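Visitor: build me a model from this:
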Amino acid sequence: MKKYLTILRSAMLAALALVTANAMAHGDVTPQAVDTSELPQLGDEWRKTNPFSGNELAIKIGDSAYNQNCARCHGLEVISGGITPDLRKLNDEFEFFSKEEADGWFLTRIRGGAVVDGRVYMPPFEGILSQEAMWAIKSYIETRGTPE
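Guide: Numbers count the residues shown, from 1 in each chain. Presented below is the predicted three-dimensional model:
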């Protein structure tokens, strides 16, 4: 009986740790700077579609930028824990009619954030991350496939 209680206690502590870690993984994020100096500079006019799609350097920069600025809420390797949108759906042809539509949704959301009924669900990153950094993040997301 004592062994059973020890196992039960250990399982409960592990479950509590997992729930606590998951709850803390979705919260405020202090935006981190992204060095895009090696990427072509895009200028002041915002592109409507991702100019860095498939660009290996942009993907590498986007991987780092995503992990520093997005993963805390959207999940490591772009796999959402269920509380926030699964960004891999941006790669799903059944979610969006075209890549241009998916790029447009991404850019609108990352620039303007998400506010519902006065509650901020995602902060706006315009003025914090450059256009190059945003598209590098999108390039990384494109490599992550679609949800199963």
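Visitor: contacting residues for residue 137?
Guide: Neighbouring residues of residue 137 by Cβ atoms under 8 Å, 6 or more residues apart in numbering: 62, 65-66, 69-70, 110, 129. Any C-beta I mention is one placed from the backbone N, CA and C, and that applies to glycine too.
Visitor: redo that, cut-off 6 Å
Guide: By Cβ atoms under 6 Å, 6 or more residues apart in numbering, the residues touching residue 137 are 62, 65-66.
Visitor: most neighbours among the residues you listed, which one?
Guide: Neighbour tally across those (other Cβ atoms under 10 Å): the maximum, 28 neighbours, falls on residue 62.
Visitor: just checking, it touches residue 134?
Guide: No: counting by Cβ atoms under 6 Å, residue 62 stays clear of residue 134, with 9.0 Å between them.
Visitor: what pLDDT does residue 30 get?
Guide: pLDDT, residue 30: 79.
Visitor: okay, helices next: where are they in this structure?
Guide: Using DSSP state H, the helices of the chain run over residues 2-24, 56-69, 71-74, 99-112, 131-142.
Visitor: confidence-wise, which of the ones you listed is weakest overall?
Guide: Among these, helix 2-24 carries the lowest mean pLDDT (a mean of 56).
Visitor: can you tell me which residues contact the spatially closest residue to residue 123 that is not a sequence neighbour?
Guide: Nearest residue to residue 123, sequence neighbours excluded (Cβ to Cβ, 6 or more residues apart in numbering): residue 113, at 5.0 Å. The contact partners of residue 113, taken as Cβ under 6 Å, 6+ apart, are 122-124.
Visitor: repeat the analysis, applying 8 Å as the threshold.
Guide: Applying Cβ under 8 Å, 6+ apart, the residues contacting residue 113 are 120-125.
Visitor: same check on residue 31?
Guide: Residue 31 sits next to 69, 123, 125, 128-129 when contact means Cβ under 8 Å, 6+ apart.
Visitor: that'll do, ta.
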